[in-house]
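1. give me the fold of what follows.
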Amino acid sequence: MNSLNNSLEFSKDLISFIDASPVSYFAVKNAIEILKENGYEELKENSRWDLSDYGKYFINRDDTALIAINLREDLEKGFDIIGSHTESPTFKLKSKPEINDTGYLKLNVEVYGGMIYSTWLDRTLSLAGKVVYEDKGNLIAKLVKIDRDLLTIPNAAIHMNRAVNKDFVINPQDNLYPILRTIGDDFNKDGYIQRLLADELGIDPLAIIDYDLSLYDRQKGSLMADDTYQVGRIDNLGSVHASLKAFVNTFSSRSNVLILNDNEEIGSRTRTGANSPFLGDFLKRLFLACGKDMEEYYMAIENSFLISADGAHAIHPNFKSFSDPTNIVKLNGGLAIKIAANGAYTTSIESKARILKLARNLGINLQSFHNRNDKTGGSTIGPITQSRLGIRSIDIGEPILAMHSIRELGGVKDHFDAYKLYKKFYEED
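-> The predicted structure follows:
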């Protein structure tokens with residue numbers, strides 16, 4: 001398990017998972033397939049739950065978030081939980097997106113999450129998401145991934161934009177329309193996306209009721225010199241992959257929980273986000289279905305522990321001044337425990353001690369991440385979940401470079417360390 005070979009194979013598996021998960025819908029779909037392959041049974045939120053001892057269950061909410069559990073008898077002992085999120089910055093299609101502009105068919109999009117705009121320029125892009133259509137009076141929802149080179153957002157030539165390498169600011173309203181094709185003045189642009197989707201699904205364009213589509217990069221992930229890998233959406237599908245694999249490969253006498261939230265990049269204020277009652281309601285329903293009372297539930301919460309798993313910032317050799325001077329986080333230097341005096345991360349001395357002990361017993365290194373005092377960093381699902389449930393928590397992340405770029409860079413060793421640490425965390429009694 002400790003050989004470089006296994007580290008490489010695990011990163012290759014991550015790349016395959018990310019390449020097959022262009023948007024959160026597919027991340028959840030692929031996670032569910034892994035859960036089902038490992039004997040997990042789906043529970044429906046609108047049905048009564050008939051649970052058995054040592055059962056393996058999951059719920060899927062809106063195809064972009066899920067919770068899974070290895071159910072054990074003594075629920076009041078609490079839950080060991082790892083949480084991450086399924087989506088990443090992208091562009092989402094607006095309603096009536098088709099625009100006929102000076103001989104081009106382009107699409108009206110809006111920015112989702114805090115992306116690095118320039119990294120999306122001059123790339124080969126396509127569309128993926130969910131489509132709802134009517135069939136014999138019924139509404140049918142299907143996932144769609146247009147698996148071909150379809151779109152691009154071209155740069156302006158440097159001859160026309162001499163400031164592009166100096167002080168030019170990309171305006172997301174004016175400069176970031178993806179181009180589909182060239183067209184004539186008589187081209188019927190209206191309904192083009194519906195016709196495109198209908199061809200993909202083999203249905204009548206008029207049957208389509210609505211769609212939720214996002215852009216994705218067509219370039220596949222790559223291993224770089226056998227110790228780093230480059231691919232999009234490491235933040236946060238790297239955490240999804242490592243925690244999911246640890247979850248399905250662990251047996252413990254405690255009830256282990258995996259949660260994959262959506263919408264972390266936009267503040268988690270949705271019914272699939274960490275700011276919803278999704279996790280708390282799930283755990284309460286478990287107690288009710290198992291004949292437990294609410295006092296036992298609150299005992300369990302006090303005995304529970306959450307790892308909020310999300311990408312961390314490694315020091316950049318070309319931008320060293322962006323990092324804290326004494327807490328240097330390096331690629332392949334170990335997972336980073338994220339600490340913030342402003343509460344952006346949940347790490348406390350108690351939660352940190354447990355994870356440090358685990359790492360020491362495994363013989364793996366951990367690093368500490370702090371933001372510079374003059375920079376405002378991001379946050380995670382950790383503080384939101386902790387404030388809603390009162391659960392003890394820690395924030396941990398795999399160090400990466402180019403976070404929120406269309407392609408990010410991660411460490412092979414760090415990703416395997418994440419799997420090993422999360423598995424050991426789940427195995428603890």
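2. contacts and neighbour counts: CA atoms only from here.
-> OK.
3. quickly note the distance from residue 26 to residue 254.
-> 30 Å (Cα to Cα, to the nearest Å).
4. actually residue 38, not the one I typed
-> Distance from residue 38 to residue 254, by Cα to Cα: 18 Å.
5. tell me which of these two has more neighbours.
-> Between residue 38 and residue 254, counting by other Cα atoms under 10 Å, residue 254 is the more crowded of the two (23 against 12).
6. following the chain past the one helix or strand residue 259 maps to, name the next helix or strand.
-> Using DSSP states H and E, residue 259 sits within strand 255-261. Scanning forward in sequence from strand 255-261 by DSSP H and E, the next helix or strand is helix 278-289.
7. which residues sit against the helix or strand following that next one?
-> As assigned by DSSP H and E, the chain's next helix or strand after helix 278-289 is helix 294-302. Residues outside helix 294-302 that contact it (Cα atoms under 8 Å, 6 or more residues apart in numbering): 75, 76, 77, 78, 79, 283, 284, 287, 389, 390, 391, 392.
8. mind doing that once more with 6 Å?
-> Residues from elsewhere that reach helix 294-302, judged by Cα atoms under 6 Å, 6 or more residues apart in numbering: 76, 77, 78, 391.
9. hmm, which of those are the buried ones?
-> For the contacts of helix 294-302, a burial check counting by 16 or more other Cα atoms under 10 Å picks out 76, 77, 78, 391.
10. need the residues you listed in TSV with distance to residue 309, pLDDT and secondary structure, can you?
-> Below are the buried ones among the contacts of helix 294-302 laid out as TSV (distance: Cα to Cα, whole Å; pLDDT from 0 to 100; DSSP: H, G, I helix; E, B strand; the rest coil):
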residue	distance to residue 309	pLDDT	secondary structure
76	24	93	helix
77	22	94	helix
78	19	96	coil
391	15	97	coil
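11. dump these into a markdown table; add distance to residue 342 as well.
-> Below are the buried ones among the contacts of helix 294-302 laid out as a markdown table (distance: Cα to Cα, whole Å):
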| residue | distance to residue 342 |
| --- | --- |
| 76 | 32 |
| 77 | 31 |
| 78 | 28 |
| 391 | 18 |
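12. looking at the residues you listed, which is nearest residue 111?
-> residue 391 (32.8 Å; Cα to Cα).
13. give me the buried positions along stretch 342-359.
-> Buried-residue list, stretch 342-359, by 16+ other Cα under 10 Å: 344, 345, 346, 347, 348, 351, 352, 355, 356, 358, 359.
14. repeat for stretch 269-289
-> So, applying 16+ other Cα under 10 Å, buried residues of stretch 269-289: 270-276, 278-279, 283-287.
15. now render the residues you listed as TSV, adding distance to residue 20 and pLDDT.
-> TSV is the format used below for those (distance: Cα to Cα, whole Å; pLDDT from 0 to 100):
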residue	distance to residue 20	pLDDT
270	25	97
271	25	97
272	21	98
273	22	97
274	24	97
275	27	97
276	27	97
278	26	98
279	26	98
283	30	97
284	33	97
285	32	96
286	32	96
287	35	95
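16. of the residues you listed, closest to residue 184?
-> residue 270 (41.6 Å).
17. contacts only, for the closest one.
-> Contacts of residue 270 (Cα under 6 Å, 6+ apart): none.
18. from residue 262, how far out is it?
-> 8 Å.
19. just residue 293 next, same as before
-> Taking Cα to Cα, one finds residue 293 at 30 Å from residue 262.
20. so what's residue 127 up against?
-> Residue 127 neighbours (Cα under 6 Å, 6+ apart): 146, 214, 215.
21. okay, now the last one: neighbour count?
-> It refers to residue 215. With other Cα under 10 Å as criterion, residue 215 counts 23.
22. give me the phi and psi for it.
-> Per-residue torsions, residue 215: phi -80, psi 150 (degrees, to the nearest 10).
23. run through the bridge partners of it.
-> Beta-bridge pairing of residue 215 under DSSP bridges involves residue 127.
24. hmm, residue 93 and it touching each other?
-> No - Residue 215 lies out of contact with residue 93 (Cα atoms under 6 Å); the separation is 8.0 Å.
25. residue ranges with poor pLDDT in the chain?
-> Scanning the chain for pLDDT under 70 picks out 1-5.
26. can you show me the helices along it?
-> 4-19, 24-37, 192-201, 234-248, 278-289, 294-302, 349-362, 381-389, 412-427 (DSSP state H).
27. now, of these, which is deepest in the fold?
-> helix 234-248 (a mean of 26; mean count of other Cα atoms under 10 Å).
28. so that one versus strand 255-261, what angle?
-> 160 degrees (axes from the mean of the first three to the mean of the last three Cα atoms, to 10 degrees).
29. list the helices and strands helix 234-248 packs on?
-> Helices and strands touching helix 234-248, by 3 or more Cα pairs under 6 Å, 6 or more residues apart in numbering; DSSP states H and E, are helix 412-427.
30. would you put the C-alpha positions of the helix it packs on in CSV?
-> Output in CSV follows, covering the C-alpha atoms of helix 412-427 (Å, rounded to 0.1, in the frame of the first residue of the first chain):
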residue,chain,number,x,y,z
VAL,A,412,0.5,11.9,-6.1
LYS,A,413,1.8,11.2,-2.6
ASP,A,414,-0.6,13.7,-1.0
HIS,A,415,-3.6,12.0,-2.6
PHE,A,416,-2.6,8.6,-1.4
ASP,A,417,-1.9,10.0,2.0
ALA,A,418,-5.4,11.4,2.1
TYR,A,419,-6.8,7.9,1.4
LYS,A,420,-4.7,6.3,4.1
LEU,A,421,-5.6,8.9,6.7
TYR,A,422,-9.3,8.9,5.9
LYS,A,423,-9.4,5.1,6.0
LYS,A,424,-7.6,5.0,9.4
PHE,A,425,-10.0,7.6,10.7
TYR,A,426,-13.0,5.5,9.6
GLU,A,427,-11.4,2.3,11.2
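31. so how far is it off the chain centroid?
-> 17 Å (Cα atoms, centre = their mean, to the nearest Å).
32. could I get the contacting residues of the residue positioned nearest the centre of the chain?
-> Taking Cα atoms, centre = their mean, the centroid of the chain lies closest to residue 86, which sits 2.6 Å from it. The contact partners of residue 86, taken as Cα under 6 Å, 6+ apart, are 24, 262.
33. how near is it to residue 428?
-> Taking Cα to Cα, one finds residue 86 at 26 Å from residue 428.
34. residue 293 and residue 262: which has the busier surroundings?
-> residue 262 (30 against 13).
35. the more buried one contacts residue 85, correct?
-> Yes - the pair residue 262 / residue 85 is scored as a contact, 5.4 Å apart, by Cα under 6 Å.
36. dump the buried residues of stretch 269-289 into a markdown table; add distance to residue 177 as well.
-> A markdown table is the format used below for the buried residues of stretch 269-289 (distance: Cα to Cα, whole Å):
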| residue | distance to residue 177 |
| --- | --- |
| 270 | 27 |
| 271 | 30 |
| 272 | 29 |
| 273 | 28 |
| 274 | 31 |
| 275 | 32 |
| 276 | 33 |
| 278 | 35 |
| 279 | 37 |
| 283 | 43 |
| 284 | 45 |
| 285 | 45 |
| 286 | 47 |
| 287 | 50 |
